[in-house]
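Visitor: all I have is the shape, not the residue letters:
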């Protein structure tokens, strides 16, 4: 959808409310890279009820304390926690217990409609949001207390134009333009490409029209500088993933049945990261893979983080068609993929997280149309659990700290974040004979952030 179709005058978003959230990210706002302290949530204004959308920062300690005090003994689907700023009173609404809480919403800023994803820089001081309605990237500062800043005139007002744009002056010198409809962003340190520590960080952005943009943020700067654009496919790049060993970005080319790979040319001796340019490697065509079915349509790729083990180089790709988690690797010395296995999923797989819990590498995959989360032990190729009871699960964020394992699921259809306790799953991980559908092993829904609301067309 073009920006001209969504840039209209209307009422501002209601403060403190979730409205078609699309992405969530756990962060340690202190910058110490310890246990997460805040949950960042990006809303989309999908139904265009308002003249824009919001980006929010929630205090996890307050959320956890409220779940323990108010939702114990209550069905998780019937316990909704909202910040005072939402203007809702504690009580009962449509058979749902509503608990209004102060100090839950730490900060909120106004952004454009149709945001897509969240990228946090290695210092956790800068957050980047691809916004389709703006056809640009919004950048927001995050302080140690979880407060958000983006040049807004006052609390909860819109980010200013400087923070809702990137510097495209270098693209203009190269007769290039910033592509529209940004979809996903990976943020990393420039040391990934050999530059000295303290040089700054970078953004790699995927776009709907098969394009990608590289941007740098030199140390001391705030606004990202777009340094190069590449067009490498005729189909959408829904996500972008960085593989640190080979310094390569992988982009699943939507319905084209291919994996596009690219890296960045950057002189390690240079002190100016704005010379960075894309170097595109040959794509991997999955049409050459005999899956016994139609060509896979891929949504997202993860790489096994266990460098130096037998699992190094293994990838896990979420496929919409067939509905499967594809595990495999590139055959040595070739541009071909060796498929280890297809792990069946529910209807319309969308997003995934790969995390290690109790020594087991687990893939959590949201299935939007079957309304559930599939959990696989990827080493054993075994389905260990299915979390149900959702309406339209999309993005997943997981807290793996021992003793407080949590899963936060963005339920897009009803505008809530569902909070699950993973301890039942953790207990079952050592029992290889436990059936995947055994209720005792399923993550337990503790409650919800936000009050469920639906639009008839999305049911």
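Guide: Okay, I see it. Since we're looking at a predicted model, the values are computed, not measured.

Visitor: give me the low-pLDDT residue ranges for the chain?
Guide: Applying pLDDT under 70 to the chain picks out residues 1-9, 155-156, 234, 254-256, 267-271, 287-296, 332-334, 431-438, 455-459.

Visitor: what about the longest helix in it?
Guide: helix 60-70 (DSSP state H).

Visitor: packing partners of the helix or strand that that helix is followed by?
Guide: Counting by DSSP states H and E, the next helix or strand C-terminal to helix 60-70 is strand 79-83. Under the contact definition 3 or more C-beta pairs under 8 Å, 6 or more residues apart in numbering; DSSP states H and E, strand 79-83 sits against helix 60-70, strand 96-101, strand 444-449. For every residue, glycine as well, the C-beta is placed using N, CA and C.

Visitor: next, the angle from strand 79-83 to helix 60-70.
Guide: 140 degrees (axes from the mean of the first three to the mean of the last three C-alpha atoms, to 10 degrees).

Visitor: what's next to strand 79-83, contact-wise?
Guide: For strand 79-83, the surrounding residues in contact (C-beta atoms under 8 Å, 6 or more residues apart in numbering) are 16-17, 58, 63, 66-67, 70-71, 88, 93, 96-102, 104-105, 416, 446-452.

Visitor: just the helices in the stretch 51-200 of the chain please.
Guide: Using DSSP state H, counting those that start in this stretch, the helices of the stretch 51-200 of the chain run over 60-70, 169-173.

Visitor: so which bits of the shortest one are buried?
Guide: For helix 169-173, the neighbour count (16 or more other C-beta atoms under 10 Å) marks 170-171 as buried.

Visitor: check the offset of that helix from the chain's centre.
Guide: Remark: helix 169-173 is offset 29 Å from the chain centroid, using C-alpha atoms, centre = their mean, to the nearest Å.

Visitor: just stretch 151-167 next, same as before
Guide: 22 Å.

Visitor: between the two ends of that stretch, how far is it?
Guide: End-to-end span of stretch 151-167 (C-alpha to C-alpha, to the nearest Å): 16 Å.

Visitor: helix/strand/coil for the closest residue to residue 393 other than its chain neighbours?
Guide: Nearest non-adjacent residue to residue 393, counting by C-beta to C-beta, 6 or more residues apart in numbering: residue 366, 4.2 Å away. The three-state assignment at residue 366 reads strand, by DSSP: H, G, I helix; E, B strand; the rest coil.

Visitor: quick one: residue 366 and residue 388, what's the gap?
Guide: The spacing between residue 366 and residue 388, counted by C-beta to C-beta, to the nearest Å, is 12 Å.

Visitor: tell me which of those two has more neighbours.
Guide: residue 366 (29 against 16; other C-beta atoms under 10 Å).

Visitor: so residue 305 is in contact with residue 378, correct?
Guide: No. Judged on C-beta atoms under 8 Å, residue 305 makes no contact with residue 378 at a distance of 11.6 Å.

Visitor: what pairs with the helix or strand harbouring residue 279, and is each one parallel or antiparallel?
Guide: Counting by DSSP H and E, the element that carries residue 279 is strand 277-280. Neighbouring strands of strand 277-280 in its sheet, by DSSP bridges, are strand 258-265 (antiparallel).

Visitor: list the buried residues for the partner strand?
Guide: 258-264.

Visitor: dump those residues to JSON lines, plus distance to residue 400.
Guide: As requested, the buried residues of strand 258-265 are arranged in JSON lines below (distance: C-beta to C-beta, whole Å):
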{"residue": "258", "distance to residue 400": "32"}
{"residue": "259", "distance to residue 400": "27"}
{"residue": "260", "distance to residue 400": "30"}
{"residue": "261", "distance to residue 400": "29"}
{"residue": "262", "distance to residue 400": "30"}
{"residue": "263", "distance to residue 400": "30"}
{"residue": "264", "distance to residue 400": "30"}
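
Visitor: partners of whichever strand or helix holds residue 24, with directions?
Guide: If you go by DSSP H and E, residue 24 is part of strand 21-27. Sheet pairing for strand 21-27, assigned by DSSP bridges, gives strand 38-43 (antiparallel).

Visitor: okay, and the beta partners of the residue nearest to residue 393?
Guide: residue 373.

Visitor: quick one, what contacts it?
Guide: 349-352, 373, 393-396, 409.

Visitor: now the residues you listed as a markdown table including secondary structure and neighbour count?
Guide: What follows is these, written out as a markdown table (DSSP: H, G, I helix; E, B strand; the rest coil; neighbours: other C-beta atoms under 10 Å):
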| residue | secondary structure | neighbour count |
| --- | --- | --- |
| 349 | strand | 27 |
| 350 | strand | 22 |
| 351 | strand | 24 |
| 352 | strand | 24 |
| 373 | strand | 28 |
| 393 | strand | 28 |
| 394 | strand | 19 |
| 395 | strand | 24 |
| 396 | strand | 21 |
| 409 | strand | 28 |
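
Visitor: export the residues you listed as JSON lines, with columns for distance to residue 10.
Guide: Shown next, in JSON lines, are the contacts of residue 366 (distance: C-beta to C-beta, whole Å):
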{"residue": "349", "distance to residue 10": "34"}
{"residue": "350", "distance to residue 10": "29"}
{"residue": "351", "distance to residue 10": "29"}
{"residue": "352", "distance to residue 10": "35"}
{"residue": "373", "distance to residue 10": "34"}
{"residue": "393", "distance to residue 10": "29"}
{"residue": "394", "distance to residue 10": "25"}
{"residue": "395", "distance to residue 10": "26"}
{"residue": "396", "distance to residue 10": "31"}
{"residue": "409", "distance to residue 10": "29"}
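
Visitor: just the residues you listed now: which is nearest residue 115?
Guide: Of all the contacts of residue 366, residue 115 sits closest to residue 395, with 11.4 Å by C-beta to C-beta.

Visitor: who touches stretch 260-269?
Guide: Here stretch 260-269 has contacts from 190, 193-195, 202, 204, 212, 214, 230, 232-233, 237, 246-253, 273, 275-284, using C-beta under 8 Å, 6+ apart.
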